[in-house]
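Undergrad: Structure of the sequence below:
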Amino acid sequence: MSPQLSSRGNGLRRFAGQVAIVTGGGSGIGAATAARLAAEGATVVIADRDLAAAEAAAAALDGTEAVELDVSDGAAVEAVVSAVASRLGSLDVMVCNAGVTLDATVWDTDDAALERILSVNLVGAYACARSALRRMVEAGSGSVVLTSSDAGLVGWPGQSAYCASKGAIVAFVRAAALDAAPHGVRVNCVCPGFTMTPLVEQWIEDSDDPEATRAEVAATQPIGRAAEPSEIAAAIAFLASEEARFVTGTALAVDGGVTAR
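TA: Residues are numbered from 1 along each chain as shown. Predicted coordinates:
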């Protein structure tokens with residue numbers, strides 16, 4: 001049975017008085033992360049291309065608001081980050097989580113598809129981190145956490161563009177962490193394995209044999225199951241918190257042992 005970790009953060013208040021932005025926060029890992037940070041005291045701004053989803057996620061949480069944002073638009077990213085930091089007085093945590101997927105071999109990936117996945121997963125994440133770091137470096141504190149993937153650490157067939165975009169995040173985090181460290185700011189990423197987000201749940205239900213598909217997914221995981229979004233959110237919250245104050249430039253695999261093979 002998959003454990004259901006509480007979004008209440010086990011009573012912790014690690015983010016009391018802090019301001020956080022979570023991109024791609026309308027569902028899945030992003031929504032779980034927003035819930036975790038809010039439960040631990042943060043004022044959270046959920047940014048998502050799907051404003052209705054962001055508003056629905058925010059409505060379920062105290063001290064949380066929603067904003068529409070397409071992270072592939074660098075000017076829009078800068079405007080949102082600037083507005084949040086100015087209006088709320090600070091930006092302490094930035095979670096760059098927005099992302100898209102693409103199932104295609106190298107030879108079936110056209111330029112438009114490649115540009116789309118890189119514009120969101122890499123350029124968009126870079127823009128979000130960049131805008132946050134500008135404020136954090138000036139303030140002398142802060143934490144940026146990006147969502148990479150186990151596909152950023154190992155190869156997966158039919159996922160060349162996705163692997164490239166997520167592998168680039170790992171490299172970016174290492175370099176950005178070295179830029180930011182002298183200024184008291186940390187930069188890390190999580191590398192989730194197969195996670196039971198609403199999109200994945202729907203993909204399973206739409207398959208020819210949902211029960212067989214669930215079993216196949218579980219069989220690919222050394223730990224015997226897929227992750228819950230709340231488990232990835234817990235790792236993100238740790239990296240963002242002061243408990244991880246000596247952790248920077250790290251790609252934390254939260255994948256049930258997949259990359260240990």
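
Undergrad: List the residues that contact the nearest residue to G140 once chain neighbours are set aside.
TA: Distances taken as C-beta to C-beta, 6 or more residues apart in numbering place G184 nearest to G140, at 4.7 Å, with adjacent residues excluded. The way it works is simple: take the backbone N, C-alpha and C, and place the C-beta from them, glycine included. For G184, the contact set (C-beta atoms under 8 Å, 6 or more residues apart in numbering) comprises 140-142.

Undergrad: now those residues as JSON lines including secondary structure and pLDDT?
TA: Listed next are the contacts of G184 as JSON lines, based on DSSP: H, G, I helix; E, B strand; the rest coil; pLDDT from 0 to 100:
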{"residue": "G140", "secondary structure": "coil", "pLDDT": "99"}
{"residue": "S141", "secondary structure": "coil", "pLDDT": "98"}
{"residue": "G142", "secondary structure": "strand", "pLDDT": "99"}
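
Undergrad: And these, which is closest to A240?
TA: Distance to A240, by C-beta to C-beta, is smallest for G142 among the contacts of G184, at 9.3 Å.

Undergrad: neighbours of the closest residue to the closest one other than its chain neighbours, just the number please.
TA: With sequence-adjacent residues excluded and distances taken as C-beta to C-beta, 6+ apart, G142 is closest to M136, at 3.0 Å. A total of 26 residues lie near M136 under the criterion other C-beta atoms under 10 Å.

Undergrad: Over to the one 10 residues further on?
TA: Counted by other C-beta under 10 Å, the residues lying close to L146 total 30.

Undergrad: What residues does it make contact with?
TA: 95-97, 125, 129, 169, 172-173, 187-190.

Undergrad: confidence score at it?
TA: L146 carries a pLDDT value of 99.

Undergrad: Over to A161?
TA: 97.

Undergrad: Quick check: it touching L118?
TA: Yes: using C-beta atoms under 8 Å, A161 is in contact with L118, at 7.3 Å.

Undergrad: neighbour count winner among those two?
TA: Neighbour totals were compared for A161 and L118, and A161 leads with 23 against 18 (other C-beta under 10 Å).

Undergrad: Thanks a lot, catch you later.
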